[in-house]
Every structure is written in C-alpha cells, then in structure tokens.
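Trainee: Next come a sequence and a model predicted from it.
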Amino acid sequence: MLGKPLLSFSIESALESSYIDEVFVSTDSPEIANVARKYDKIRIINRPEELALDTTPTEPVLIHALESIKKEHESLPDYVVLLQPTSPYRKKGTIDRCIEKVLETGADSLLTVCENHSFFWKNEGGRVVALYDYRNRPRRQDIKPEDKVYRENGSVYITGTKLLLEEKNRLGGRIAMYVMSEEESVEIDMPYELSLLDMIMKQEGYKNENN
C-alpha cells in the first residue's frame, strides 16, 4: 500500500510512540524479517512453525514472544502493545493516547473501536429478527450516547503483561476502549479494502513511496 509493505506502517507507528520502549516483530518468514530489519532497533522473534498457521490465534503468539523476550532480557515489560499489520492506518499520536488512557484510568487492557451506526438483523431458525426497534427507526445522529454501539477495529490492543500470561487473552480485567475514526478503522481482509485504504490515506496526505 502506497508503495510499501503493510508491516511498515505498524512498525513506523510503534517507533513514533513516546511510550513504547522496544518493538518486536514475530514471524517465521525471512521476507517479513527483512522488511523489519530495514528499521533501526527492531527485534525479530523467530516464530515456530506451529504458531504460524492460518488458524493460529494471536494470544499464543504473544505469549511466545514474551517467553522469548524473558530469555534474552531476564525481565518482562509492564504492558504489551499489539499492532496488527492488517490495520495499518493509525493517525499520529493515536498509540500514545491509547497508552495514556490505560495509565490514567488504571485499566488492565484496552482495545480500539469505532462507532457503528448500522441496523443489524439476524436469522433465528428461518425467522428474520431485527436487533433494533424497526417501527421507531432512529436517525443516526439522534442515537443517544448510552445507546451507541462500537465495532472492534483491530488496530491497537494494550494488555498488562501479568494479565496476558494469567488469562492467556489480550483482553481482561478492567477493559478500556479508545474510539478511533472510521477511516482509521478499515481492516484489510479483502483486496477492495486495500484499495479503499490506499485512497483514504492519499486523501489524508500520505505520499506514495514510489513517487
């Protein structure tokens, strides 16, 4: 995207943070490792094959990373900040504001979200059921703050290390959320989303590295 690998955006966001002390990239791919090595101070964690499958959950990868860090440093960080490459657009300062929210509120973990104004339905055994009062459909701008719902956007997760090791989950304890804009919340799972975010970031002033 914009002429460089998706991984680059997450690495650059991490390096810009005032609070993140060290940045690690977990991978089993020499190609991905070479992308990371182009940046100073990036540490590579060699991910074992069994944790590099299409079906591998994220939490075992995080725990393996912490075990690797402890072997080398004999100590662990206070918090883990997870940045997924498939959510590459984070505005400058977003990560630091997320960390500050954790520190200020005393939260044990944090996830980033965006407001969701969709009206959802579901199929219950062939019966179509609305998850809102369709007889009194509200305007989006009239939804009360207490009735708003939020979509997890996969961009930033912060977890206390002790909690992560005990719960084996990136979220737990007292959970905080940080609301990001819709344009920052595009997750790249399909090719059209890559094109969409490429266009959004160009409009936001990002330059193509190939220009």
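Mentor: Ah, there it is.
Trainee: gap between the residue nearest the centre of the chain and Phe120?
Mentor: Taking Cα atoms, centre = their mean, the centroid of the chain lies closest to Ser155, which sits 2.3 Å from it. Per Cβ to Cβ, to the nearest Å, Ser155 is found 22 Å from Phe120. The way it works is simple: take the backbone N, C-alpha and C, and place the C-beta from them, glycine included.
Trainee: same question, Cys114
Mentor: Counting by Cβ to Cβ - Cys114 and Phe120 are separated by 15 Å.
Trainee: who has more neighbours, the two?
Mentor: Cys114 (18 against 10; other Cβ atoms under 10 Å).
Trainee: Could you tell me which residues make contact with the nearest residue to that one once chain neighbours are set aside?
Mentor: Spatial nearest neighbour of Cys114, chain neighbours left out: Ser185 (3.9 Å); criterion: Cβ to Cβ, 6 or more residues apart in numbering. Each residue near Ser185 by Cβ atoms under 8 Å, 6 or more residues apart in numbering is listed here: 87, 112-114, 151, 153, 155.
Trainee: Do you know the pLDDT at Ser185?
Mentor: Per-residue pLDDT puts Ser185 at 95.
Trainee: the longest helix in this protein is where?
Mentor: For the chain, the helix that runs over the most residues, judged by DSSP state H, is helix 58-73.
Trainee: in that helix, what's buried?
Mentor: Within helix 58-73, the residues that qualify as buried are 59, 61-62, 64-66, 68-69, counting by 16 or more other Cβ atoms under 10 Å.
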